[in-house]
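**Student:** Just a sequence and a predicted model for now, questions to come.
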Amino acid sequence: MSFYVQFQCCGVDGYTDFNSATKWTKYNNAAGNPMQIPPTCCKLKDSDAFLKDQTAELVDNDCPWNPSTTNSNQNTVGPPCSQYLFNVLQLVFSVCVVVKCRPVLHHCLVRFFPEHGLLC
C-alpha cells in the first residue's frame, strides 16, 4: 500500500476497486460504517514519514469512511496506479533485457558496424 502513498493514487484502476475487494480489512467507524478505501489512499500530513516508518497521519481522519476529492487520492491529476505500476515493470524489464542481452548486442553492433569501432 505504500505504492499508493508514493504515487498518490488509489486502487489499480481507481478508488472504486475497493468496492468489490474482499482481501483487506474494512474497519468500522463509531457509527458502524465500514471503510470505503484504505487509509493509504487518503491524503497524509507527511507522506515521507509514512514511507520511512509506516506512520500514517491523515489530513482528514474521516477519509477512509467518507473519501472525497479533497481528502483522498481518488481523483488525483495523473494516471491511475496501474499506469505507474506498468511503467515500473517496463523499466525493470528493460534493465533486465539490457543486462542479459549485452553480449549479444555487443556482438551484433561490432559485427554490423565495424567501421565505427563501437565499444560497449
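**Tutor:** It's in.

**Student:** Cys10 against Asn71, yeah?
**Tutor:** No: the criterion here is CB atoms under 8 Å, and Cys10 misses it with Asn71 at 11.5 Å. C-beta coordinates here come from the backbone N, C-alpha and C atoms, glycine included.

**Student:** Looking at these two, which is more packed in?
**Tutor:** Taking neighbours as other CB atoms under 10 Å, Cys10 and Asn71 compare with Cys10 leading, 26 against 18.

**Student:** low-confidence ranges in this structure?
**Tutor:** Flagging of the chain using pLDDT under 70 yields the residue ranges 1, 75-79, 96, 104-120.

**Student:** Show me the domain layout of it.
**Tutor:** 1-78, 79-120 (automatic domain parsing).

**Student:** most tightly surrounded among those domains?
**Tutor:** domain 1-78 (a mean of 15; mean count of other CB atoms under 10 Å).

**Student:** which residues touch the closest residue to Leu58 other than its chain neighbours?
**Tutor:** For Leu58, ignoring the flanking residues on the chain, the nearest one in space by CB to CB, 6 or more residues apart in numbering is Cys42 at 4.9 Å. Applying CB atoms under 8 Å, 6 or more residues apart in numbering to Cys42 gives the contacts Ala56, Leu58, Val59, Asp60, Cys63, Pro64, Pro67, Asn71, Ser72, Asn73.

**Student:** closest to Phe3 among those residues?
**Tutor:** Asn73 (11.3 Å; CB to CB).

**Student:** contacting residues around the nearest residue to Asp17 once chain neighbours are set aside?
**Tutor:** Spatial nearest neighbour of Asp17, chain neighbours left out: Gly11 (3.4 Å); criterion: CB to CB, 6+ apart. Gly11 makes contacts with Asp17, Phe18, Ile37, Cys41, Pro80, Cys81, as judged by CB under 8 Å, 6+ apart.
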